[in-house]
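A.B. asks: sequence first, predicted model second:
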Amino acid sequence: MRTRRGFCYPKVNVGMEIFSVNAGVVNKRGRDVCKEYSGLRKRIKMSSAASPAGGGGSDFFDSLPDDLVVCILCKLSSSASCPADFTNVLITCKRLNGLGLHSMVLSKASPKAFAIKAKNWSESTHRFLKQCADAGNVEACYTLGMIRFYCLQNRGSGASLMAKAAINSHAQALYSLAVIQFNGSGGSKNDKDLRAGVALCARAAFLGHIDALRELGHCLQDGYGVRQNITEGRRFLVQANARELAAVISSNPASLTTATRSWLTWNPLPHHHRHVSGSGCPLLSDFGCNVPAPEAHPASRFLAEWFAERSGSPSPGLRMCSHAGCGRTETRRHEFRRCSVCGMVNYCSRACQALDWKLRHKAECAPMERWLEEDGEVDGVGAGGGHGGVEGVVAGGGES
């Protein structure tokens, strides 16, 4: 700015760091202003050199020790609610990608971090699950074991991965191995090992697995793979029902007051099969407590999506378990047992039968006088008799 006498005030542009002072007469005040802004220019230059955006400076993130970053990533992977929560961190920068694949971080990953969609399956996904399993993550061992055993039809590798998870007291893996032993999956009908199935169910039930506890109760009631003990079997079934109700209540305590009324409403359904006597114990959901269905495991959802994209069966002649939350398929013809009342559904285990009975099949099951397989082989189970009589699951009676 030029005055009437021709003097010019110092022109300062801090953003461009340009100082222009008129070469004319500069008074003492002007010299002080120049010194002030020259000092400001030095401070700006030093701060810009220390900041990451200034170029050539060091990042504060780079100064953090690896142990601290790995600890933070462990907390993040253990609390991930979906695979994207973890993969978004891996693609952030090179350092996070390297530390995110640390064995300690992968071993702490939560089950929801492996909730992969079947349509997104790829070789890189397979390698990631394999890397997590090698790091000692039991959830990755179980998930990859189920995928290899049923989807990729690699029976030996899948069973060994599930066994690795079962050794580390993974209840779901123990129960899945019990189902394999009961059905002789991956082999012939002579490969069934009922005692091994009962032992695996007992171990999973001890760890609090509700389906294993229910399966063990029916085995004791029917003398299937173990000495018959009806009283003890009923006690296990009642305990399974109580745990089922407690799990639903604890999963959503906020809506407990409003949901309890809907659970305790009487909702009778027609029972077409009551002419058949049974020694089972009724589900709480069948008589007075309409509890919602439990959330399916990510591995079970993957199996259901995988075979849904492939016409619902791995190959012609093999059937899927009729329970929507299971996803298991037969590994040979006539491995699963059909409902002896209607002959329209089949199940891999008694737990799947009980859940599907209360959710869907109870209202659909209608007696048929006679039904046969396409090749003429009868493949049914008695209603209300558990595993006794014909081998397989009871269909048509739930736990009633």
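C.D. replies: In hand now; what should we look at? Given the structure is predicted, the values throughout are model-derived calculations rather than measurements.

A.B. asks: before we move on, what SS does residue 74 have?
C.D. replies: Secondary structure, DSSP: H, G, I helix; E, B strand; the rest coil: residue 74 is helix.

A.B. asks: okay, now the nearest residue to it once chain neighbours are set aside: neighbour count?
C.D. replies: Take residue 74 and drop its neighbours on the chain: the residue closest to it by C-beta to C-beta, 6 or more residues apart in numbering is residue 108, 4.6 Å away. Placement of C-beta: from N, CA and C, glycine included. Burial of residue 108 is recorded as 21 neighbouring residues (other C-beta atoms under 10 Å).

A.B. asks: quick one: residues in contact with stretch 174-187.
C.D. replies: Here stretch 174-187 makes contact (C-beta atoms under 8 Å, 6 or more residues apart in numbering) with 142, 145-146, 149, 155, 159, 162-163, 166, 190-194, 196-198, 200-201, 203-204, 207, 209, 211-212, 215, 225, 328, 330-332, 335-336, 348-349, 351.

A.B. asks: actually stretch 62-74, not the one I typed
C.D. replies: 89, 95-96, 99-100, 102, 104-105, 108.

A.B. asks: can I have the buried ones of the contacts of stretch 174-187 as a ChimeraX selection?
C.D. replies: Restricted to buried positions by 16 or more other C-beta atoms under 10 Å, the ChimeraX selection for those reads:
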select :142,145,146,149,155,159,162,166,192,193,194,197,198,200,201,203,204,209,211,212,215,225,328,330,331,335,336,348,349,351
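
A.B. asks: in strands, which of the contacts of stretch 174-187 fall?
C.D. replies: Within the contacts of stretch 174-187, no residue falls in strands by DSSP state E.

A.B. asks: helices - which of the contacts of stretch 174-187 land there?
C.D. replies: 142, 145-146, 155, 159, 162-163, 166, 194, 196-198, 200-201, 203-204, 211-212, 215, 351 (DSSP state H).

A.B. asks: could you pull out the helices for the stretch 1-150 of the chain?
C.D. replies: Shown for the stretch 1-150 of the chain, the helices assigned by DSSP state H, counting those that start in this stretch span residues 28-50, 66-78, 83-90, 94-100, 103-107, 123-134, 138-146.

A.B. asks: just name the most buried of those helices.
C.D. replies: helix 138-146 (a mean of 26; mean count of other C-beta atoms under 10 Å).

A.B. asks: may I have that one as CSV, with CA atoms only?
C.D. replies: C-alpha atoms of helix 138-146 as CSV (Å, rounded to 0.1, in the frame of the first residue of the first chain):
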residue,chain,number,x,y,z
VAL,A,138,-9.4,-72.1,16.3
GLU,A,139,-12.2,-70.3,14.6
ALA,A,140,-10.3,-70.3,11.3
CYS,A,141,-9.4,-74.0,11.7
TYR,A,142,-13.1,-74.8,12.2
THR,A,143,-14.4,-72.6,9.3
LEU,A,144,-11.7,-73.7,6.9
GLY,A,145,-12.2,-77.3,8.0
MET,A,146,-16.0,-77.2,7.3
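
A.B. asks: okay, now the unreliable bits of this structure?
C.D. replies: Residue ranges of the chain with pLDDT under 70: 1-58, 251-293, 312-313, 368-400.

A.B. asks: which helix or which strand is home to residue 338?
C.D. replies: strand 337-339 (DSSP states H and E).

A.B. asks: show me what that strand is packed up against.
C.D. replies: Here strand 337-339 touches strand 346-347, strand 380-381, going by 3 or more C-beta pairs under 8 Å, 6 or more residues apart in numbering; DSSP states H and E.

A.B. asks: picking that back up, and the contacts of stretch 62-74 as CSV, adding distance to residue 136?
C.D. replies: As requested, the contacts of stretch 62-74 are arranged in CSV below (distance: C-beta to C-beta, whole Å):
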residue, distance to residue 136
89, 20
95, 23
96, 21
99, 17
100, 16
102, 12
104, 9
105, 12
108, 10
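
A.B. asks: and residue 66, how far from residue 348?
C.D. replies: 46 Å (C-beta to C-beta, to the nearest Å).

A.B. asks: before we move on, what about residue 76?
C.D. replies: From residue 76 to residue 348 the distance is 36 Å (C-beta to C-beta).

A.B. asks: also residue 87?
C.D. replies: Taking C-beta to C-beta, one finds residue 87 at 32 Å from residue 348.

A.B. asks: next: residue 178.
C.D. replies: Residue 178 is 11 Å from residue 348, by C-beta to C-beta.

A.B. asks: ditto for residue 304
C.D. replies: 13 Å.

A.B. asks: what's in contact with stretch 305-321?
C.D. replies: So stretch 305-321 is contacted by 117-119, 121, 147, 150-151, 153, 326-333, 335-336, 346-349, 352 (C-beta under 8 Å, 6+ apart).

A.B. asks: measure that stretch end to end?
C.D. replies: 13 Å (C-alpha to C-alpha, to the nearest Å).

A.B. asks: would you mark the buried spots in it?
C.D. replies: Buried residues in stretch 305-321 (16+ other C-beta under 10 Å): 305-307, 314, 318-321.

A.B. asks: which of these fall within strands?
C.D. replies: Going by DSSP E, the strands hold none of the buried residues of stretch 305-321.

A.B. asks: nearest to residue 367 among the residues you listed?
C.D. replies: Of all the buried residues of stretch 305-321, residue 319 has the smallest distance to residue 367: 21.2 Å, by C-beta to C-beta.

A.B. asks: how far away is the closest one from residue 330?
C.D. replies: 5 Å.

A.B. asks: dump the buried residues of stretch 305-321 to TSV, plus distance to residue 240.
C.D. replies: Shown next, in TSV, are the buried residues of stretch 305-321 (distance: C-beta to C-beta, whole Å):
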residue	distance to residue 240
305	28
306	29
307	28
314	30
318	30
319	26
320	24
321	19
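
A.B. asks: looking at those residues, which is nearest residue 112?
C.D. replies: residue 305 (15.8 Å).

A.B. asks: mind telling me what element residue 323 is part of?
C.D. replies: Short version, using DSSP H and E: residue 323 is in no helix or strand.
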